[in-house]
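Participant: just a sequence and a predicted model for now, questions to come.
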Amino acid sequence: MKKLQLKNDSVENRFSVQTKCIDAIIIKDGFSGFEINHKPFKGACCGCTSKTCASYSEEEIYSEIFSAFPKNPSKRVCPTDAITFKNGYAYIDSNLCIKCGLCVHRCPYAAIQFSLENNTCSINTARNSIFIKQSEIEQTKDILDLKTKPRKILIDNIPFTFADTLSKKLETYSNRYPDLSEIVVRNTLLNLGICCNTNAAGNNHNRIEFFAECEDYFIIGESQISNADTLSVTRRILDDLAVLISRYQFEKDKLIPLAVVNGFPNKRTDFYEVIEDINNVIKVQVVTLSYHALFVLNLFKPHISVRHFKSFVINRTKDSLLSPMKRIIEKLEDIDENTNGIHYTPIK
């Protein structure tokens, strides 16, 4: 047994960084790494056994409140399974990567180099002088230490072309991955520290697409990448509310129904009428986010509360998400080229 333990704890493929020297983790366009004495050092894959860049742990996705609900068993971080491993090190398949950014903050060693300007995402494996060989036990301790380091998100521009490309890629890949829409929602909320799960495929007893816990409230809802029938999102939410309130005795005042769409529909559509009807008849306010807004929240990783979620209201009178998003992400209007488009505002 001792020999086996020593073999598993070998330093053959494991590295770490000298964590005591690190002042902050830096994320900016095309560069992820560490700040040491005001100097940047690029991060690199260290072959850690946790593989958090590719998979969530059981603890991260476990929900006591929704424990009886059948769940999608997938723990993948990448919606399109673009992250694989070769000889213990992570690799991103550029043909599968949709540049959603969900993996960026997951790597403890800031190895994922993500560029909005160049529309690229890759994993650096070239280790510089700050990296040293470590045993698995030492590496695990360093990873825990790295989690306590402050993060500097220095993104200063989100091009319209990037957002438009991501929107189209989501639609294209949703045909290959049937659970893509809800996996993006789930993983974004998980990355923001909100426990979220998605429904198991083929579960007809309870069709709620995703369900999450935030403080003492419950976020439930539906998503749709295709803009062909966004009205179905709000109709499905109405069904979800009926099931949770009547069958499971959830308090309606503790429910936050969330609609996620790939660009806001025209203000003349019935999408907003159904939202208003739900609010007028059963006194529950449906909130709405676009996939682009989810992308931005994941990228900047702010603290987000129930109060923030409740502010994501869009209807015929409140015609933009820009204001509530600006309260969460400072100077968003200067950073994001998409604030005047369908990613935040309905088509007139």
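Facilitator: Nice, thanks for sending it over. Please read all numbers here as calculations on a predicted model, not as lab measurements. Numbers count the residues shown, from 1 in each chain.

Participant: need the strands for the stretch 51-200 of the chain, in chain order.
Facilitator: 83-86, 89-92, 112-115, 120-123, 131-133, 151-153, 195-198 (DSSP state E, counting those that start in this stretch).

Participant: for the record, mean pLDDT for the fifth one?
Facilitator: Model confidence over strand 131-133, given as mean pLDDT, is 92.

Participant: can you list the strands that that strand pairs with?
Facilitator: As defined by DSSP bridges, the strand partners of strand 131-133 come to strand 15-17 (antiparallel).

Participant: ditto for the third one
Facilitator: The pairing partners recorded for strand 112-115 under DSSP bridges are strand 120-123 (antiparallel).

Participant: only alpha carbons, please: show the strand it pairs with as PDB.
Facilitator: C-alpha atoms of strand 120-123 as PDB (Å, rounded to 0.1, in the frame of the first residue of the first chain):
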ATOM      1  CA  THR A 120      -9.500  32.200 -29.600                       C
ATOM      2  CA  CYS A 121      -9.400  30.000 -26.500                       C
ATOM      3  CA  SER A 122      -6.400  27.700 -25.800                       C
ATOM      4  CA  ILE A 123      -4.500  26.200 -22.900                       C
END
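
Participant: for that strand, which outside residues touch it?
Facilitator: For strand 120-123, the surrounding residues in contact (CB atoms under 8 Å, 6 or more residues apart in numbering) are 30, 45, 53, 89-92, 94, 97, 99, 101, 103-104, 107, 111-115. (Glycine included, C-beta is placed from N, CA and C.)

Participant: how far out from the middle of the chain is that strand?
Facilitator: Distance of strand 120-123 from the chain centroid (CA atoms, centre = their mean, to the nearest Å) equals 17 Å.

Participant: buried subset of the contacts of strand 120-123, written for ChimeraX?
Facilitator: Selection command for ChimeraX covering only the buried members of those, criterion 16 or more other CB atoms under 10 Å:
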select :45,53,89,90,92,97,99,101,103,104,107,111,112,113,114
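
Participant: tell me the domain ranges of this structure?
Facilitator: With automatic domain parsing as the criterion, the domains of the chain are listed as 2-153, 161-335.

Participant: need the contact list for the residue sitting nearest the centre point of the chain.
Facilitator: Central residue of the chain (CA atoms, centre = their mean): residue 188, 1.8 Å from the mean position. Contact analysis of residue 188 by CB under 8 Å, 6+ apart lists 102, 294, 295, 297, 298.

Participant: give me the distance between the two termini of stretch 142-151.
Facilitator: 16 Å (CA to CA, to the nearest Å).

Participant: now it: mean pLDDT?
Facilitator: Mean per-residue pLDDT for stretch 142-151: 95.

Participant: which helix or strand in the protein has the lowest average pLDDT?
Facilitator: helix 2-8 (a mean of 38; mean pLDDT, DSSP states H and E).

Participant: where are the low-confidence patches of the chain?
Facilitator: Low-confidence segments of the chain (pLDDT under 70): 1-13, 204-205.

Participant: how about 50 then?
Facilitator: Counting by pLDDT under 50, the ranges of the chain that qualify are 1-11.

Participant: follow-up on the earlier one: now, which of the contacts of residue 188 lie within helices?
Facilitator: When DSSP state H defines the helices, the subset of those inside them is 294, 295, 297, 298.

Participant: so what's the residue count around the spatially closest residue to residue 178 that is not a sequence neighbour?
Facilitator: Spatial nearest neighbour of residue 178, excluding adjacent residues (CB to CB, 6 or more residues apart in numbering): residue 201 at 7.1 Å. For residue 201, the count of nearby residues is 11 (other CB atoms under 10 Å).
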